[in-house]
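Colleague: mind folding the following:
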Amino acid sequence: RRYGCDDRPHPRPFGTYLSARTVHPLTSDSLSNLLDLRGTTVLESRPLIGLIDKPNLLFDDTDGMPTRILSVFRSMVKDETATLPSPVLVDIVRTALAADDEDVLALLAPGHGKTWLPALLCKLERTATLVIMPLRSLIQDFSSKMDRCGVSYTHYSPAEGRTKLDIRSNLLLVSADLCRSAGFKKEVAEYEQSIPIRRICFDEAHRVLTDIDYRPVLRRMYDLRWSPKQTLMLLSGSTSPEMVPYLCSAFGTTDNPFLFRTSSNNPRLKYEIHQAHSYASAATMCRDVHTKHRAILHPDQAEVRKHLRLPPPTEEEMAKFLQFRYLFYVNTIPDGKYLRKTLNTPHFYYSGEINERESYASSVRHREQMLTTWNSPHTPSKDLVATSAYAEGNDNPYVTAVVHFGRPDGLILYHQQTSRASRRKD
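Modeller: Okay, the predicted model is just below:
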């Protein structure tokens, strides 16, 4: 199964799902029991391996693993009162450190902190962790987060002049397009002369199933490992229970991987549907909905606040209002250009070269600068028009509204895009 010769993933026999101990029929009832469709955390029912006599760890486990993980997290976010985004992170980290021969699937909803897992692991063990990301926006968001937290990492990107892996860091970052290139393999061989890579994390792993038809680089992911001692950690926020067997098969996971899942429901989100009778009226409606939304939220709208029986704005509310951001998703680049003109915003994020005369590296810098400007609290325009290239990798906590210009291409994409909003718990 792991070393098939076809370019397409080889799913397990239809109607079976490999759990921790037995093979269960793949029925709606068994899936509900095994994966809990309501979304509570699931850990395969077998005892966790102890952490005694683990030479890979950087600490003695006498003080307790949960306490140690929380301490590392607080040191990264520089807040002594911070709490983990989700308590399941403790179970995932402990399982990954203890189980040397089993893969881990962390299917956590957006906002539950799955991107913190590689950073936590690299702070707790001596060996290296390789993080593979399928989108440029994911890489930029992850890099920015690590820079803010002071976490050392080494990024392989020849287009940006980053062709060497720094052995002073045990956290490696590479795109899915380059993870199996000859240049990267050469650098990894030199890197492993100093530090072995024992774990491979693949973020937004569901992309291997959804994008395989038009991204050949995502095929044959079952040959990612080059050492039998390596384990996989698959991260995803949009993998349905029915997709799990196919995801395992596409990556060639071990037969009994640990599986964690949290609820994808976000009660803070409010959904609205506005019908438009023409293409132009839909663009105008986006502008009107946006204007109305800002008017309601603006602390200076005394009449609106009086009607809603809201108290006068505080200085904190005024400062927060300046941070509010708005995302407009389109299906095609022409739609994005049209909507950008209607909204009168300079920010339009999409995949591909911004200008035919620009090199790939220049277009990457252009998009990075665009996002930096959009995220700045002093930017005059709070709106960003984007294609599905920015469906993941945007963890801006101040995204207040997400507007879809037209019907999204699928439920997975819709779930990812709507999850950009309401990242703050307040």
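
Colleague: now the helix or strand harbouring residue 172 - C-alpha only, CSV.
Modeller: Under DSSP states H and E, the secondary-structure element containing residue 172 is strand 171-175. Presented in CSV, the C-alpha positions along strand 171-175 are these (Å, rounded to 0.1, in the frame of the first residue of the first chain):
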residue,chain,number,x,y,z
LEU,A,171,12.5,23.2,13.0
LEU,A,172,12.6,23.0,9.1
LEU,A,173,10.1,24.7,6.8
VAL,A,174,9.6,23.9,3.1
SER,A,175,6.7,24.1,0.5
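
Colleague: what inclination does the helix or strand just after that strand have with respect to strand 171-175?
Modeller: Proceeding N to C from strand 171-175, the next assigned helix or strand is helix 182-191, under DSSP H and E. Using axes from the mean of the first three to the mean of the last three CA atoms, to 10 degrees, the inter-axis angle of helix 182-191 relative to strand 171-175 is 170 degrees.

Colleague: just the buried residues of helix 182-191, please?
Modeller: By 16 or more other CB atoms under 10 Å, the buried positions in helix 182-191 come out as 184, 187, 188, 191. Yep, even glycine has a C-beta here, placed from its N, CA and C like the rest.

Colleague: quick one: residues contacting the last one.
Modeller: Put plainly, it is residue 191. Taking CB atoms under 8 Å, 6 or more residues apart in numbering as the definition of contact, the neighbours of residue 191 are 128, 165, 167, 172, 197.

Colleague: make a ChimeraX selection of the buried ones in the residues you listed.
Modeller: Buried members of the contacts of residue 191 can be picked out in ChimeraX with the line below, counting by 16+ other CB under 10 Å:
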select :128,165,172,197
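
Colleague: give me the pLDDT for residue 370.
Modeller: Note for residue 370: predicted pLDDT of 82.

Colleague: count of residues packed around it?
Modeller: The number of residues packed near residue 370 is 16, by other CB atoms under 10 Å.

Colleague: still on that earlier bit, show me which of the buried residues of helix 182-191 is closest to residue 76.
Modeller: Comparing those against residue 76 with CB to CB places residue 191 closest, at 23.2 Å.

Colleague: ok, the closest one to residue 201 distance?
Modeller: As for residue 191, its distance to residue 201 is 16 Å (criterion: CB to CB, to the nearest Å).

Colleague: please apply the same query to residue 121.
Modeller: As judged by CB to CB, residue 121 and residue 201 stand 8 Å apart.

Colleague: settle it for me: which of the two has more neighbours?
Modeller: Neighbours per residue (other CB under 10 Å) separate residue 121 from residue 201, with residue 201 holding more: 27 against 24.

Colleague: which phi and psi does the more buried one have?
Modeller: phi -100, psi 130 (degrees, to the nearest 10).

Colleague: looks like it contacts residue 117 (just checking).
Modeller: Yes - the pair residue 201 and residue 117 passes the contact test of CB atoms under 8 Å, sitting 6.9 Å apart.

Colleague: quick check: pLDDT value at residue 386.
Modeller: Each residue has a pLDDT score; the one for residue 386 is 88.

Colleague: compute the distance between it and residue 192, please.
Modeller: Summarising the geometry, the distance separating residue 386 from residue 192, computed by CB to CB, is 38 Å.

Colleague: quick one, which of these two is more surrounded?
Modeller: Set side by side, residue 386 and residue 192 show unequal neighbour counts under other CB under 10 Å, the larger going to residue 386 at 23 against 16.

Colleague: that one contacts residue 340, correct?
Modeller: No - between residue 386 and residue 340 there is no contact, the gap being 10.0 Å when judged by CB under 8 Å.

Colleague: what touches both of those two?
Modeller: residue 348.

Colleague: who does the strand holding residue 172 touch, helix- and strand-wise?
Modeller: Helices and strands in packing contact with strand 171-175 are listed as helix 116-124, strand 128-133, helix 136-149, strand 154-155; criterion 3 or more CB pairs under 8 Å, 6 or more residues apart in numbering; DSSP states H and E.

Colleague: low-scoring stretches of the stretch 201-350 of the chain, by residue?
Modeller: Across the stretch 201-350 of the chain, residues meeting the criterion (pLDDT under 70) sit at 290, 292-322.

Colleague: gap between residue 278 and residue 144?
Modeller: 39 Å.

Colleague: neighbour count: these two, which is higher?
Modeller: More neighbours sit around residue 144 than around the other of residue 278 and residue 144, counting by other CB under 10 Å; the figures are 16 against 9.

Colleague: look up how far residue 154 lies from the more buried one.
Modeller: From residue 144 over to residue 154 the distance is 16 Å, taken as CB to CB.

Colleague: what's the angle between the strand holding residue 172 and strand 128-133?
Modeller: Here strand 171-175 points in a direction 20 degrees away from that of strand 128-133 (the same axes, to 10 degrees).

Colleague: any idea how far residue 403 is from residue 82?
Modeller: Look at residue 82 and residue 403: by CB to CB, they are 32 Å apart.

Colleague: before we move on, which element is the residue nearest to residue 237 when sequence neighbours are not counted in?
Modeller: Leaving aside its sequence neighbours, residue 237 sits nearest to residue 110 (CB to CB, 6 or more residues apart in numbering; 4.6 Å). If you go by DSSP H and E, residue 110 is not part of any helix or strand.

Colleague: how about residue 331: what's its closest non-neighbour residue?
Modeller: Nearest residue to residue 331 in three dimensions, chain neighbours excluded: residue 406, at 5.5 Å (CB to CB, 6+ apart).
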